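**Q** Return atomic coordinates for the entry below.
(chains A and B)
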Amino acid sequence: GAGVSQSPSNKVTEKGKDVELRCDPISGHTALYWYRQSLGQGLEFLIYFQGNSAPDKSGLPSDRFSAERTGGSVSTLTIQRTQQEDSAVYLCASSPSRGYNEQFFGPGTRLTVL
Amino acid sequence: GQQLNQSPQSMFIQEGEDVSMNCTSSSIFNTWLWYKQDPGEGPVLLIALYKAGELTSNGRLTAQFGITRKDSFLNISASIPSDVGIYFCAGFAGGTSYGKLTFGQGTILTVHP
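**A** Predicted structure coming up:
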């Protein structure tokens, strides 16, 4: 069956520009997560959506980062006024429900800010 | 915030050897997960552990949820070249971190044929 998909797979942008990263979770999964992975590092939690509840934004590093999830399915992570330190792989994951459930990851979007 | 200390950071082994890696935390975790990540791809779930003391196998992989709930280990037996990759431990701590996974820094595994 279809897994988590993300687009674009690679994004190169100039410092100061805005970028949008998209995630399509596994059909039927109610929980969706965004993580950031810097070079050679583990994954850093960014934001968590569960159904129609207000998202947990506690991991967003600054107010330049925002995310939304439309219709309980597709999610978009937006980074405004990108900085070089935003360069990383942005990973999306989904799980069947909230809580301590296994999360299934997409292939990620590699963002490079020049 | 919570952190997981994963070791070793890297391993270079010969094909056929067994591998062991572990994660420790200063705080309690309610669930431990082990993932493998290949270059250019997202992490793939290998094993999930839900109870303290639980020992679970998946083919040549075996993982255990430590009794203290502050550690977990992963063993790979009879390694093969396709085992190459980065292995991550991850955990759910509960409480206000409900739903959020905390990841270790990863173990880079290289298998020489």
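**Q** so which residue of chain B comes closest to chain A?
**A** Using CB to the nearest CB, the single residue of chain B nearest to chain A is B:G42, 3.4 Å away. No exception for glycine: its C-beta is placed from N, CA and C like everyone else's.
**Q** List the contacts of residue 17.
**A** Here I'm looking at chain A. A:R81, A:T82 (CB atoms under 8 Å, 6 or more residues apart in numbering or on different chains).
**Q** Correction: the question concerned chain B.
**A** Neighbours of B:E17 in contact, by CB under 8 Å, 6+ apart: B:A78, B:S79.
**Q** Check the secondary structure at it for me.
**A** Secondary structure, DSSP: H, G, I helix; E, B strand; the rest coil: B:E17 is coil.
**Q** Spell out which parts of chain B neighbour chain A.
**A** Taking CB under 8 Å from any CB of the partner chain, the part of chain B that reaches chain A is made up of B:4, B:6, B:30-31, B:33, B:35, B:40-45, B:48, B:50, B:88, B:90, B:92, B:94, B:98-106.
**Q** out of those residues, which are buried?
**A** B:4, B:6, B:30-31, B:33, B:35, B:42-43, B:45, B:48, B:88, B:90, B:92, B:94, B:99-106 (16 or more other CB atoms under 10 Å in any protein chain shown).
**Q** Correct me if wrong: the residue of chain B closest to chain A contacts A:S94.
**A** No: the pair B:G42 / A:S94 is not scored as a contact, 11.2 Å apart, by CB atoms under 8 Å.
**Q** anything in stretch A:25-34 near chain B?
**A** Yes: part of stretch A:25-34 sits near chain B under the criterion CB under 8 Å from any CB, namely A:A31, A:Y33.
**Q** now that stretch, how far from the centre of its chain.
**A** On the basis of CA atoms, centre = their mean, to the nearest Å, stretch A:25-34 sits 11 Å off its chain's mean C-alpha point.
**Q** For that stretch, which outside residues touch it?
**A** For stretch A:25-34, contacts defined as CB under 8 Å, 6+ apart pick out A:1-4, A:23, A:45-51, A:67, A:69, A:72-75, A:77, A:90-98, A:101, A:103-104, B:99-101.
**Q** Quick one: mean pLDDT for that stretch?
**A** Averaging pLDDT along stretch A:25-34 gives 91.
**Q** now do stretch B:6-16
**A** Here the average pLDDT along stretch B:6-16 is 96.
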